[in-house]
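Asker: Just a sequence and a predicted model for now, questions to come.
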Amino acid sequence: MTSFGVERLRGRVAFVTGASSGIGRAVCERLLAAGLRVAACARRVERVRQIAASDDLLPLAADLRQEADILAAFAAVRARWGGTDIVINNAGLGHHAPLSSGDTDHWREMLDVNVLAACVCTREALADMRRSGIDGHVLFVSSMAAHRVPADSAVYSATKFAIRALTEALRQELRAAKSPVRVSAVSPGYVQTEFAAKYHKSEAAAEATYGAYPVLQPDDVAAAVEYALGQPPHVQIHDVLMRPTDQTS
Ligand SMILES: NC(=O)c1ccc[n+]([C@@H]2O[C@H](COP(=O)([O-])OP(=O)(O)OC[C@H]3O[C@@H](n4cnc5c(N)ncnc54)[C@H](OP(=O)(O)O)[C@@H]3O)[C@@H](O)[C@H]2O)c1
């Protein structure tokens with residue numbers, strides 16, 4: 001039996017979005033521990049700096065709603081390490097903004113960050129992977145909301161259905177190009193992060209969401225990311241669906 005795992009990616013460069021909090025931070029911690037070099041971006045870059053005091057961490061300030069910020073972040077990775085080998089499209093947010101009454105700015109922010117920024121990051125990372133010829137990886141942090149529509153989550157759920165479509169579309173594009181690059185998604189249910197407080201604009205509602213039963217922790221999702229990245233070259237994990245055991249929806 002050949003043993004694989006994320007350790008075989010030691011020295012590779014991973015670009016992680018949404019690194020200042022929750023799942024993105026946990027992914028950065030796992031990848032750094034496995035010996036990867038991690039370009040970690042978020043608006044709150046001071047929180048990214050706190051992940052580790054290591055030359056293998058490159059904290060990058062970027063507002064993903066601004067394409068210029070994304071392009072500058074990828075340029076900084078090229079200047080420091082030659083380019084990106086793995087991209088983790090994790091940054092995302094939800095607003096409680098029903099289709100019949102929601103606020104346009106809330107819809108736009110979800111579409112810009114959850115979908116459009118993931119597209120731009122994917123394109124920029126793939127350009128680097130093509131140049132280097134590496135068997136890189138594109139990974140989307142999706143959601144169980146890509147697989148059924150939770151109540152009142154119209155546009156958030158639509159952004160995650162978009163990610164599900166993009167995952168399959170990219171798989172087809174990569175196969176057509178005979179590329180060694182793989183694409184995967186991880187689709188969690190409730191994870192205890194800052195997400196629910198932002199969604200409901202209420203710490204009390206977040207506590208109710210995460211307090212009813214043991215929910216997933218960010219590192220549970222990071223472990224699934226590591227599992228997808230660590231597969232041998234002939235294995236492509238398409239999507240990992242994971243819920244807290246007690247979640248009914
Ligand atoms: N928590 C859950 O229950 C759950 C379930 C399923 C899927 N997910 C998905 O998991 C991913 C990570 O979310 P999380 O739960 O870890 O939430 P979180 O703790 O709120 O983290 C969200 C991250 O996204 C970044 N971000 C948001 N807007 C940004 C912008 N305009 N520019 C740059 N970065 C931005 C935030 O960084 P800054 O604010 O510092 O910029 C933060 O690092 C999201 O795609 C979410 O949809 C979460």
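Answerer: Everything's here; your move.
Asker: Quick one: end-to-end distance for stretch 102-115.
Answerer: 18 Å (CA to CA, to the nearest Å).
Asker: in the protein, which residue is closest to the centre?
Answerer: Asn90 (1.7 Å; CA atoms, centre = their mean).
Asker: need the contact list for that residue.
Answerer: With contact set as CB atoms under 8 Å, 6 or more residues apart in numbering, Asn90 has these partners: Val16, Thr17, Gly18, Ala19, Ile23, Gly24, Val27, Val141. Any C-beta I mention is one placed from the backbone N, CA and C, and that applies to glycine too.
Asker: Whichever strand or helix holds the fifth one: how far from the chain's middle?
Answerer: Assigned by DSSP states H and E, Ile23 belongs to helix 22-33. On the basis of CA atoms, centre = their mean, to the nearest Å, helix 22-33 sits 11 Å off its chain's mean C-alpha point.
Asker: Could you list every helix and strand that it packs against?
Answerer: strand 13-17, strand 37-42, helix 218-229 (3 or more CB pairs under 8 Å, 6 or more residues apart in numbering; DSSP states H and E).
Asker: Output the longest helix anywhere in the chain in PDB, but only the C-alpha positions, please.
Answerer: Looking across the chain with DSSP state H, the single longest helix is helix 154-176. What follows is helix 154-176, C-alpha atoms only, in PDB (Å, rounded to 0.1, in the frame of the first residue of the first chain):
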ATOM      1  CA  ALA A 154     -32.300  32.400  -1.300                       C
ATOM      2  CA  VAL A 155     -29.300  34.300  -2.600                       C
ATOM      3  CA  TYR A 156     -26.800  32.700  -0.100                       C
ATOM      4  CA  SER A 157     -27.900  29.300  -1.300                       C
ATOM      5  CA  ALA A 158     -27.800  30.400  -4.900                       C
ATOM      6  CA  THR A 159     -24.100  31.400  -4.500                       C
ATOM      7  CA  LYS A 160     -23.300  27.900  -3.200                       C
ATOM      8  CA  PHE A 161     -25.300  26.200  -6.000                       C
ATOM      9  CA  ALA A 162     -23.100  28.400  -8.300                       C
ATOM     10  CA  ILE A 163     -20.000  26.900  -6.600                       C
ATOM     11  CA  ARG A 164     -21.400  23.400  -7.100                       C
ATOM     12  CA  ALA A 165     -21.800  24.200 -10.800                       C
ATOM     13  CA  LEU A 166     -18.300  25.800 -11.000                       C
ATOM     14  CA  THR A 167     -16.700  22.800  -9.400                       C
ATOM     15  CA  GLU A 168     -18.200  20.500 -12.100                       C
ATOM     16  CA  ALA A 169     -17.500  23.000 -14.900                       C
ATOM     17  CA  LEU A 170     -13.900  23.400 -13.900                       C
ATOM     18  CA  ARG A 171     -13.500  19.600 -13.700                       C
ATOM     19  CA  GLN A 172     -14.700  19.400 -17.300                       C
ATOM     20  CA  GLU A 173     -12.400  22.200 -18.500                       C
ATOM     21  CA  LEU A 174      -9.400  20.600 -16.800                       C
ATOM     22  CA  ARG A 175     -10.200  17.200 -18.400                       C
ATOM     23  CA  ALA A 176     -10.600  18.800 -21.800                       C
END
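Asker: List the contacts of that helix.
Answerer: So helix 154-176 is contacted by 89, 92, 94-95, 97-99, 102, 106-107, 110-111, 114-115, 118-119, 122, 138, 140, 142-143, 145-147, 149-150, 181-185, 187, 199, 236, 238-239 (CB under 8 Å, 6+ apart).
Asker: If anything else comes up later, I'll come back, but that's it for now.
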